[in-house]
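K.L.:
Predicted structure and sequence below. I'll ask about it afterward.
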Amino acid sequence: MKKLLLLFTLALAFGLTANAQFGKLNAKHLDAVKKTAKAFTLTDAEIAQYCQEYIDWMDKNNPVCETTDEGPKRKGFADRLAKIVESIPASERKSLDIKAYFVVDQNAFACANGSIRVFAGLMELMTDDEILGIIGHEIGHIVNKDSKDAFKKALLTSALKDAVGSTGGTAAALTDSQLGELGEALAGAQFSQKAEYAADDYGYELLKKCGKDAKSMASGLRVIQKLQDDAGIDKSKMRQLFSTHPESGKRADKLDQKYAKE
Ligand SMILES: [Zn+2]
């Protein structure tokens, strides 16, 4: 109940939208798919196009914070994020598209095309450097191709599950319900523990590259661990973040050991 109350309090205090929209339909088809999916091939260009469709749809269905927003709270999140992102070296930043959603959820996610979305509910709980570490973790998933693999798998088990054969090099325009199914599939996607550790290392190194204290990677993970510990009452709220980021405390311990050595 504490969590629920906290969410409502946040929503009231900041006028945040209650929850991010990942999918509008229930996923109930995840295993009915494999036969058609196997024969279906996708090029990298098609995957990139589908990624863009998905992120455009997410941005349409969630309140994006803009530095031009008139509302001071929304503008505040956008300005803060812009400042955090500015510390990333330009050569790395140029292929990224990083925005904040004005929602109470505590989450962040990356799409294979370089789009990263950070949720205001998470920004509220973290320092700037911790947010930068989380962004670095997400960049790690992109660079290590985890995001691409997860997106491809989600596409084939949701939006494209009925497709037979190739679309001939061009991504089809997905319908609203297909995008909703894709969102559900992505929300349930899980990376391996190895992939998570590698993404943490990427975030850790990014903090150093940006001239920040790499300790913030571990402390950011501890914030997530605390959320996980507190989440007992309302697991559905936590599902997005924790399905993809298990055992944050252990990962933080590992980074602290690395930090102590350096
Ligand atoms: Zn991750």
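P.N.:
Structure received. Numbers count the residues shown, from 1 in each chain.

K.L.:
Please give me every residue in contact with the closest residue to residue 95 other than its chain neighbours.
P.N.:
On the basis of C-beta to C-beta, 6 or more residues apart in numbering, the spatially nearest residue to residue 95 that is not a chain neighbour turns out to be residue 114, at 4.9 Å. For every residue, glycine as well, the C-beta is placed using N, CA and C. With contacts defined as C-beta atoms under 8 Å, 6 or more residues apart in numbering, the neighbours of residue 114 are 95, 96, 97, 142.

K.L.:
Let's see that with 10 Å instead.
P.N.:
Contacts for residue 114 (C-beta atoms under 10 Å, 6 or more residues apart in numbering) come out as 48, 51-52, 55, 93-98, 139, 142-143, 147.

K.L.:
do residue 217 as well
P.N.:
The neighbourhood of residue 217, defined by C-beta under 10 Å, 6+ apart, consists of 129-130, 132-134, 136-137, 200-208, 251-252, 255-256, 258-259.

K.L.:
ok now stretch 43-62, how far from the chain's centre?
P.N.:
For stretch 43-62, the distance between its averaged C-alpha position and the chain's averaged C-alpha position is 14 Å (C-alpha atoms, centre = their mean, to the nearest Å).

K.L.:
Give the buried residues for it.
P.N.:
46-55, 57-58, 61-62 (16 or more other C-beta atoms under 10 Å).

K.L.:
Redo these as a markdown table? Include secondary structure, distance to residue 191 and pLDDT.
P.N.:
Rendered in a markdown table, the data for these read as follows (DSSP: H, G, I helix; E, B strand; the rest coil; distance: C-beta to C-beta, whole Å; pLDDT from 0 to 100):
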| residue | secondary structure | distance to residue 191 | pLDDT |
| --- | --- | --- | --- |
| 46 | helix | 22 | 88 |
| 47 | helix | 17 | 89 |
| 48 | helix | 20 | 90 |
| 49 | helix | 23 | 91 |
| 50 | helix | 19 | 93 |
| 51 | helix | 17 | 94 |
| 52 | helix | 22 | 95 |
| 53 | helix | 22 | 94 |
| 54 | helix | 18 | 95 |
| 55 | helix | 19 | 96 |
| 57 | helix | 22 | 95 |
| 58 | helix | 19 | 95 |
| 61 | helix | 24 | 93 |
| 62 | coil | 22 | 94 |
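
K.L.:
ok so, going back, most neighbours of all the contacts of residue 114, which one?
P.N.:
Of those, residue 147 is surrounded by the most neighbours, 28 neighbours in total, counting by other C-beta atoms under 10 Å.

K.L.:
so how far is the ion from the residue nearest to residue 95?
P.N.:
As judged by C-beta to the ion, to the nearest Å, residue 114 and the ion stand 16 Å apart.

K.L.:
where does that residue fall, phi/psi-wise?
P.N.:
Here is the backbone geometry of residue 114 (degrees, to the nearest 10): phi 100, psi 0.

K.L.:
Then residue 210?
P.N.:
In terms of degrees, to the nearest 10, the main-chain angles of residue 210 are phi -90, psi 0.

K.L.:
Count the residues that sit near the residue lying closest to it once chain neighbours are set aside.
P.N.:
Of all residues beyond its chain neighbours, the one nearest residue 210 is residue 87 (4.4 Å), with distances taken as C-beta to C-beta, 6+ apart. Counted with other C-beta under 10 Å, residues neighbouring residue 87 total 16.

K.L.:
Let me know the average pLDDT across stretch 249-261.
P.N.:
When pLDDT is averaged along stretch 249-261, the result is 93.

K.L.:
in the stretch 51-200 of the chain, which spans are strands?
P.N.:
With DSSP state E, counting those that start in this stretch applied, the stretch 51-200 of the chain shows strands at 97-101, 108-110, 115-119, listed in chain order.

K.L.:
Dump these into a markdown table; add mean pLDDT as well.
P.N.:
What follows is the strands of the stretch 51-200 of the chain, written out as a markdown table (pLDDT from 0 to 100):
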| stretch | mean pLDDT |
| --- | --- |
| strand 97-101 | 97 |
| strand 108-110 | 93 |
| strand 115-119 | 97 |
